[in-house]
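Mind folding the following:
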Amino acid sequence: AAAHVLSSDGAALVWAIDTATNKPLAGAIATLYDWGCYACSPSDIRTAATATTDGSGVAALPQPRALRNRRALLVETPSGETLLLPSLPSRGSALPAAALRSVLLSDRAVYKAGDPLHLHGYVRLVERGTLAS
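Numbering: from 1, shown residues only. All right, here's what the predicted structure looks like:
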């Protein structure tokens, strides 16, 4: 299975597909989590919204204005697979004067069972809205 998300200030649209058949995945449960800390305990993370995909594989999750600055989306498929979209953009959220930003990249968007997974990433320091060199 694969999930894609389109996020804005007011909502997140999730589209889930079955990668074996390339058909929409109905009945997947999408849960939006948010937190406001960098070193969190489980009690710091809250469920912000939950929705189930329809026959076209789409679910709409409201994003309340009161969300904190860190978000992630977890999608659970009817067959028991769990998909994690680890970082949704949060427009307008206030960052501390200095913060770490990270990016994790893969060599392609969709993998099939048994395919090797190739990842690379980087971490940059953001100070006063500018990337440090």
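
pLDDT at the closest residue to Ile29 other than its chain neighbours, what is it?
If the residues on either side of it in the chain are set aside, Ile29 comes closest to Glu76, at 4.7 Å by CB to CB, 6 or more residues apart in numbering. Yep, even glycine has a C-beta here, placed from its N, CA and C like the rest. What the model reports for Glu76 is a pLDDT of 93.

Likewise for Thr82?
With respect to pLDDT, Thr82 has a value of 90.

What is the burial count for the closest residue to it other than its chain neighbours?
Computed as CB to CB, 6+ apart, the closest residue to Thr82 that is not its neighbour in sequence is Glu76, at 5.4 Å. Residues contacting Glu76 under the criterion other CB atoms under 10 Å number 17.

Contacts only, for Glu76.
Contacts of Glu76 were listed using CB atoms under 8 Å, 6 or more residues apart in numbering, and they are Ala28, Ile29, Thr31, Thr82, Leu83.

give me that answer again for 10 Å
Ala1, Ala16, Gly27, Ala28, Ile29, Ala30, Thr31, Thr52, Thr82, Leu83 (CB atoms under 10 Å, 6 or more residues apart in numbering).
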